[in-house]
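Q: turn this into a model:
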Amino acid sequence: MVEIPAPAKESRHGKRRRVREHLLDVLEALRVGEPIPPERALAEELGVSRPTLRSVVDELVREGLLDRRHGSGVYVSRPKVAQRLPGDVDGAWSSRILEFEPAHPAGARIGRRLNRSPADPVVRIMRLRLVDGEPVSIEQLYVPYDLVPGLTGEELAGGSFYRTLVETYGIEPATASQSIEPTVVDAEEAALLKVPVHTPALLFERVTRAGDGRVVEFSRSVYRGDRYRIQSELTLSTHAAGLTVVNSSWSAAAEGTEQLSLNPYDAA
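A: Take a look at the predicted model:
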């Protein structure tokens, strides 16, 4: 087994993120019901302690991605049932850039999302999303490097990512596929969102395409469950096959307030 070198001066949170990304890559290569490699082997491969590895595995178990069977091992869980919810939202957010890597190797998992080789460089952005100065979500963006040469963190902190794509790079986002599922926040996310560890949250994953079909972005966002809800407006049609949703729209609101204008597709 090839040992994966750890980055120099790696923070505790950075180490956990690296372990998580590697485990997600491992899951992508396995089928439902197959075991992941033994804890000792994974810890040696990644150059981390077994308690660190175990805590990340525990998070994936809580998220439903892994199944720990007592006395047997850890296995890939069955995928969750997906409900398609097309729609759009309106409004604006403010953002704070937490990390910005202008030439991050895509890796196997992100490469598949972006239709790129694992060795292809991508821009990786991690930003904190706020409403009225209060943290609401943590977003990680992955964008093919060759689509946004010269992109800086300052552009994303001060304006809309999609507006930058259109106005600076001539790329107009046209469609997006998005999944939404429940999760809980880990220690790093809890500190940034100012909530207790394991607070319920919503996990959004989105793949965005331009009009010509090119994938221009993959994003993974964690939204506070106590400050975020989704409302849907459905257009229904009855025909021989039964009742069908032919169109829908959704919006977000902060709990205990009037509806907010929040737009993950065109946020500051």
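
Q: after the helix or strand harbouring residue 41 comes which helix or strand?
A: Assigned by DSSP states H and E, residue 41 belongs to helix 39-46. Using DSSP H and E, the next helix or strand after helix 39-46 towards the C-terminus is helix 50-62.

Q: so residue 151 touches residue 144, yeah?
A: No: taking contacts as C-beta atoms under 8 Å, residue 151 lies outside contact range of residue 144: 10.8 Å. Yep, even glycine has a C-beta here, placed from its N, CA and C like the rest.

Q: need the overlap of contacts for the two.
A: Common contact partners of residue 151 and residue 144 (C-beta atoms under 8 Å, 6 or more residues apart in numbering): residue 123.

Q: assign the residue nearest to the spatial centre of the chain to helix, strand or coil.
A: Centroid-nearest residue in the chain, with C-alpha atoms, centre = their mean: residue 220, separated by 1.3 Å. With DSSP: H, G, I helix; E, B strand; the rest coil as the basis, residue 220 sits in strand.

Q: these two touch, right, it and residue 207?
A: No: if you go by C-beta under 8 Å, residue 220 and residue 207 don't touch, sitting 10.6 Å apart.

Q: just to revisit the earlier point, could you find the closest non-adjacent residue to the residue nearest to the centre of the chain?
A: Excluding the flanking residues, the one nearest residue 220 by C-beta to C-beta, 6 or more residues apart in numbering is residue 140, at 4.8 Å.

Q: burial of residue 124, as a residue count?
A: 19 (other C-beta atoms under 10 Å).

Q: check residue 104 too.
A: Counted with other C-beta under 10 Å, residues neighbouring residue 104 total 16.

Q: before we move on, back to that, what sits against the residue nearest to the centre of the chain?
A: By C-beta under 8 Å, 6+ apart, the contact list for residue 220 reads 139-140, 203-205.

Q: and if we set it to 10 Å?
A: Contacts for residue 220 (C-beta atoms under 10 Å, 6 or more residues apart in numbering) come out as 110, 113, 126, 138-142, 203-206.

Q: give me the distance between the closest residue to residue 76 other than its chain neighbours and residue 41.
A: Spatial nearest neighbour of residue 76, chain neighbours left out: residue 30 (4.9 Å); criterion: C-beta to C-beta, 6+ apart. As for residue 30, its distance to residue 41 is 15 Å (criterion: C-beta to C-beta, to the nearest Å).

Q: can you give me phi and psi for residue 139?
A: Residue 139 adopts backbone torsions of phi -120, psi 130, taken as degrees, to the nearest 10.

Q: name all residues that make contact with the nearest residue to it once chain neighbours are set aside.
A: Nearest non-adjacent residue to residue 139, counting by C-beta to C-beta, 6+ apart: residue 221, 4.3 Å away. The contact partners of residue 221, taken as C-beta under 10 Å, 6+ apart, are 127, 129, 136-141, 178, 180, 201-206, 264.

Q: need the contact list for residue 50.
A: 39-40, 42-44.

Q: show me what the residue nearest to residue 139 bridges to in the sheet.
A: Bridge pairing for residue 221 (DSSP bridges) gives the partners residue 139, residue 204.

Q: could you say which helix or strand holds the nearest residue to residue 164 once chain neighbours are set aside?
A: Excluding the flanking residues, the one nearest residue 164 by C-beta to C-beta, 6+ apart is residue 155, at 5.3 Å. Secondary structure from DSSP H and E places residue 155 in helix 153-158.
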